[in-house]
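Participant: sequence and predicted structure, then a few things I'm wondering about:
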Amino acid sequence: MAYSSLTFVMGAASPRQLPEDRGLEVAFAGRSNAGKSSALNAVAGRRALARTSKTPGRTQQINFFRLDDERRLADLPGYGFAKAPLDAKRRWAGLVEAYLRGRECLVGMVLLMDARRPLTDLDRQMVLWTVGSGAALHAVLTKADKLGRGAASRTLSLTRRELEGLGDGVTVQLFSATRGDGLDALRARLDSWLQLEAES
Ligand code: GDP
């Protein structure tokens, strides 16, 4: 399985430090605690791949994971800390906006949102930046195991209704890292963006 070979390459704390803009890149974004690390670890089939991104000092940077010479995942810094100093919030916005505006190799954005409270103001900001960048968007509603089946399917259709009107490249799915629900769908989305043959 291709994603088991993901390895941490580098972190960029400012737009100047971004790796060369070539090949195909998929970004992961979400509020802190949305379940981004758990989803990345699930994709890679590893326990601690995204621990790297939680290392103090690396939480405010874009962390790059290499799949092969032409393909990378970019783990964007989590957002939504009410108590973060204004300066840190500005730096976050400067870095992420510059990345999304200028990155030619960015083919898709996986936006992770807690299925119990999707589409906060900052999530909406992220959606707008992504759509504005021309990249496709895949919204992943995480921790679906915490909702009953009815509530999960309601939040899926509400989020779909709101996002899918934004363009052809916008899709939404439910996900649970603990149960593994939706993992195949998420990998299939990545396979298609990264032009990998789907493996069974
Ligand atoms: P991040 O800050 O977005 O990287 O979020 P983490 O992946 O570290 O997850 C935040 C918290 O939510 C942790 O306590 C995880 O164990 C928990 N969590 C993540 N994914 C799931 C899930 O699918 N189901 C449940 N029940 N908990 C989850």
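Facilitator: Received it, and whenever you're ready, just let me know what you need. Residues are numbered from 1 along each chain as shown.
Participant: quick one: contacts for the residue nearest the centre of the chain?
Facilitator: In the chain, the C-alpha nearest the mean C-alpha coordinate belongs to Phe28, at 1.8 Å (Cα atoms, centre = their mean). For Phe28, the contact set (Cβ atoms under 8 Å, 6 or more residues apart in numbering) comprises Lys36, Ala39, Leu40, Leu73, Ala74, Asp75, Leu76, Met109, Val110, Leu112. Heads up, the C-betas are built off the backbone N, CA and C, glycines and all.
Participant: any regions of this structure where pLDDT drops low?
Facilitator: By pLDDT under 70, the low-scoring segments of the chain are 1, 52, 198-200.
Participant: strands along that one, start to end?
Facilitator: Per DSSP state E, the chain carries strands over the ranges 7-12, 24-30, 62-68, 71-75, 106-114, 136-142, 170-174.
Participant: partners of the third one, with directions?
Facilitator: The reference is to strand 62-68. Take DSSP bridges as the rule and strand 62-68 pairs in its sheet with strand 7-12 (antiparallel), strand 71-75 (antiparallel).
Participant: CA atoms only for the shortest one - export them in CSV, please.
Facilitator: This points to strand 71-75. Taking Å, rounded to 0.1, in the frame of the first residue of the first chain, the C-alpha atoms of strand 71-75 are listed here in CSV:
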residue,chain,number,x,y,z
ARG,A,71,4.0,13.1,-4.7
ARG,A,72,3.7,14.7,-1.2
LEU,A,73,1.2,15.3,1.5
ALA,A,74,1.4,18.7,3.3
ASP,A,75,0.0,18.8,6.9
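Participant: good, wrapping up.
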